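[1] Here is the input, now give the coordinates:
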Amino acid sequence: MITSVLVANRGEIACRVFRTCRALGIATVAVYSDADAGARHVREADSAVRLPGAAPAGTYLRGDAVVGAALAAGADAVHPGYGFLSENAGFARDVEAAGLCWIGPPPSAVARMASKTRAKELMAAAGVPLLAPVDPETATEADLPLLVKAAAGGGGRGMRVVRDLAALPGALEAARAEALAAFGDGEVFVEPYVERGRHVEVQVLADAHGTVWTLGTRDCSLQRRHQKVVEEAPAPGIGPELTRELCEASAAAARAVGYRGAGTVEFLLAPGGRPGFLEMNTRLQVEHPVTEEVFGTDLVAWQIAVAEGAALPPAPPPPSGHAVEARLYAEDPARDWAPQAGRFEALDVPGASGA
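    Below you'll find the model as predicted:
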């Protein structure tokens, strides 16, 4: 049984995991850079270990330092949170090699889903619907518009929309250069660009005994700068037949890679409703609370239980109601809307309790 968890993350992400650990009577360990010495997650943890330095590359992104912190603090498990090293198969392997419990999917599953091109090949073999790749060497006018995407990473980096075949070579070159700079991997691929598509995802939870839960849909179509702004569960306007298709495809995706723990399978829906597999996020996502609200369950608690070897019940709890999550931005319009932090004085959501 897990008695002490180090969360390999910071801020709200770490605090979210700490909340569940406290409810379960599990001790918590924080890690912090010099810049975060006074941060809330450091204050809330039962103990904290300093990662010398200020930049993420030398602190939160140094897997060896994080594993060393867990051992030094006497933790017996590591939860990666989301972001930083949460989808780093090498880090997951290092955690397990150190004799610690990894509260996440098997490193092999993380590795298989790390490349979008390899993931799509696996999904095609598993019968998961996806957008057919386009060979840039043989693309024609009939294939337009096209989307050039980086095989690694996300956030819109290494992505280009092509509406003119003459622009395709330049788009490929630019996308490769951007992907290499951002992710250290210049591989890109080309697929049809879906105009006015919807971004819909399915929360999955799997144990080591063969049970896979699918906990409904979330709509994340409203985005800005390739960041999700509003997330809703369940996805509005999607009927039971399409919901069933998405959930069955998501369960097939999880089984295809031997998944364990919480993850998200993402789809792009064409205006007519035809789904195409986008990617699988092998971690908890920032929008997981809307699913928790609808299903009345704690996904972090289930992550811990599954990591301990527990079996999921045959079926998840029934859904009820609707939940919405929104990203709040602090920006300076005079500096091209660059991020600009300030003091948060008040928040009033009309009609909401506890705001």
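
[2] Next, residue 168: phi, psi?
    Torsion angles at residue 168 (phi, psi; degrees, to the nearest 10) stand at phi -60, psi -50.

[3] Residue 139 is in contact with that one, correct?
    Yes. Counting by Cβ atoms under 8 Å, residue 168 does reach residue 139; the two are 6.5 Å apart. Using the backbone N, CA and C atoms, a C-beta is placed for each residue, glycine as well.

[4] where along the stretch 1-150 of the chain do the strands fall?
    4-7, 27-32, 47-50, 77-79, 101-102, 146-150 (DSSP state E, counting those that start in this stretch).

[5] Residue 122: which of those is closest?
    Among the strands of the stretch 1-150 of the chain, the nearest to residue 122 by Cβ to Cβ is strand 146-150 (16.8 Å).

[6] Quick check: closest non-adjacent residue to residue 115.
    residue 151 (4.9 Å; Cβ to Cβ, 6 or more residues apart in numbering).

[7] The one you found and residue 120 touch, don't they?
    No. Between residue 151 and residue 120 there is no contact under Cβ under 8 Å: 9.4 Å.

[8] just the helices in this structure please.
    With DSSP state H, the ranges of helices along the chain come out as 11-24, 40-44, 63-73, 89-97, 107-114, 116-125, 168-183, 240-256, 288-295, 299-307.

[9] Pull up the distance across stretch 202-210, start to finish.
    18 Å (Cα to Cα, to the nearest Å).

[10] Buried residues, it. List them.
    For stretch 202-210, the buried set under the neighbour-count rule, 16 or more other Cβ atoms under 10 Å, comprises 202-207.

[11] And for stretch 56-71?
    59-63, 65-67, 69-70.

[12] same thing with stretch 138-149?
    143, 146-149.

[13] Show the end-to-end separation of that stretch, please.
    From its first residue to its last, stretch 138-149 covers 17 Å (Cα to Cα).

[14] related to what we said a few turns ago, so residue 151 and residue 120 - more neighbours on which side?
    residue 120 (22 against 19; other Cβ atoms under 10 Å).

[15] Enumerate every residue touching the closest residue to the more buried one other than its chain neighbours.
    Nearest non-adjacent residue to residue 120, counting by Cβ to Cβ, 6+ apart: residue 130, 5.6 Å away. Counting by Cβ atoms under 8 Å, 6 or more residues apart in numbering, residue 130 touches 120, 123-124, 276-277.

[16] Just the pLDDT for residue 130.
    pLDDT recorded at residue 130 is 93.

[17] For residue 221, see how far away it is.
    18 Å (Cβ to Cβ, to the nearest Å).

[18] ok, back up a step: out of the buried residues of stretch 56-71, which comes closest to residue 79?
    residue 70 (10.3 Å).
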